[in-house]
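A.B. asks: need the 3D shape of this:
(one chain, ligands or ions: 1)
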Amino acid sequence: MSSVPDNAPQHCPGTQSEDAGKASACAGCPNQNICASGEASQPDPAVELIKQRLSNVKHKILILSGKGGVGKSTVTSLIGHGLASMSPDINVGILDADICGPSQPRVLGVRGEQVHNSGSGWSPVYVTDNLSLMSIGFLLGSPDDAVIWRGPKKNGMIKQFLSEVDWGDLDYLLIDTPPGTSDEHLSAVQYLAQAQVSGALLVTTPQELSLLDVRKEIDFCRKVGLRVLGVVENMSLFVCPNCKSRSEIFPATSGGAAAMCRELRVPLLGALPLEPRLARACDSGELPLSAPAAAAPAANTHDALREILDKIVAACENSSN
Ligand SMILES: Nc1ncnc2c1ncn2[C@@H]1O[C@H](COP(=O)(O)OP(=O)(O)OP(=O)(O)O)[C@@H](O)[C@H]1O
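C.D. replies: Take a look at the predicted model:
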């Protein structure tokens, strides 16, 4: 991974270089003194702390999307609940690291719950017996409060989230990140460097606009050495509940996620339909997979989700072998 900070001048030799802080390019750089002292090349102690903290978590998955609003949080909650529903022995945690728009407490129906801090760290909120959630949403005074933080404060919160939540033993930890590739993503990847992340799962709609941004995410993953577990295409088709006709609400003019995955050689995990019942369940905080039959998503949504879950389980098992 590059050791050149974002705010570095042109021709920066990198913080790990022997010339760090001493090259002519370093003159006037705000980091020059730190680099020259050798401090910048020291590993951040948080990396080791996070490795220890997450040592009881078998599979850690980052959920990324290029664009906002493509359903990343919805898909994260569905996958989390879906994995937890496979067996009461499978323990799943969701870390809502979407610091500027934490929506998991609402989607999972635990808005207004309190998190407690004890000697062993923050306890997450339990959505079901084997599905837990930690979100900055729990720490805000009101759900309508806006979080306006600069980079260092956001990075500090990510570090705290990764190092101070007492998850207990988990089979899967899903880390729901903000849209795009920002400082927070880079920080998360750097903090998780020693924690053996299984990989990243990318969420997109079939629209070219969303796919363009997912291409950037895939490039990001490749640059930081993060394995792409696969892509989920969300809101791909709409099946009319009355006449059963199928429509592409977000047309896949360039072949959708399938064509992109073929071209970039990344796995397509599946496609979830546009399903009004999912949107309604998420708004009301009802877990769609536990909803009564009249409000539950249609069979094709369940089948699509099952296929995605099976592929995630297989990809994670593969990465730990
Ligand atoms: N498959 C789907 N069918 C119907 N509605 C959906 C589907 N997926 C997501 N939605 C709805 O789309 C809206 C946006 O979803 P969501 O909040 O999950 O997106 P997001 O990518 O996490 O957004 P952001 O990045 O801005 O937080 C929500 O109202 C959600 O209920």
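
A.B. asks: stretch 17-28 - what's its average pLDDT?
C.D. replies: Stretch 17-28 shows a mean pLDDT of 86 in the predicted model.

A.B. asks: up against the ligand, what does this structure have?
C.D. replies: 65, 68-74, 98, 101, 103, 179, 234-235, 272, 274-275, 278-279, 282 (CB under 6 Å from any ligand atom). Where you see a C-beta, it was placed from the backbone N, CA and C, and this is true even at glycine.

A.B. asks: please, a ChimeraX command that selects the buried ones among those residues?
C.D. replies: A single ChimeraX command selects the buried members of the residues of the chain next to the ligand (16 or more other CB atoms under 10 Å):
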select :65,70,71,72,73,74,98,103,179,234,235,272,274,275,278,282
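
A.B. asks: which residues in the stretch 1-150 of the chain form helices?
C.D. replies: 32-37, 45-53, 72-86, 104-107 (DSSP state H, counting those that start in this stretch).

A.B. asks: possible to save those as CSV with mean pLDDT and distance to L202?
C.D. replies: Listed next are those as CSV, based on pLDDT from 0 to 100; distance: least, CB to CB, whole Å:
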stretch, mean pLDDT, distance to L202
helix 32-37, 80, 34
helix 45-53, 88, 23
helix 72-86, 94, 9
helix 104-107, 91, 18
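
A.B. asks: would you mind giving those as JSON lines with distance to L226 added?
C.D. replies: Putting the helices of the stretch 1-150 of the chain into JSON lines (distance: least, CB to CB, whole Å) gives the following:
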{"stretch": "helix 32-37", "distance to L226": "26"}
{"stretch": "helix 45-53", "distance to L226": "15"}
{"stretch": "helix 72-86", "distance to L226": "16"}
{"stretch": "helix 104-107", "distance to L226": "22"}
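
A.B. asks: give me the nearest residue to A279, chain neighbours excluded.
C.D. replies: T74 (7.9 Å; CB to CB, 6 or more residues apart in numbering).

A.B. asks: from T204, how far off is the one you found?
C.D. replies: 13 Å (CB to CB, to the nearest Å).

A.B. asks: do R265 as well
C.D. replies: Taken as CB to CB, the span from R265 to T204 is 16 Å.

A.B. asks: of the two, which one has the most company?
C.D. replies: Legend: neighbour count by other CB atoms under 10 Å for R265 and T204, higher for T204 (32 against 8).

A.B. asks: identify whichever of the helices of the stretch 1-150 of the chain lies nearest to I312.
C.D. replies: helix 72-86 (6.7 Å; CB to CB).

A.B. asks: please give me every residue in contact with N130.
C.D. replies: Contact partners of N130, counting by CB atoms under 8 Å, 6 or more residues apart in numbering, are A84, P88, D89, I90, N91, V92.
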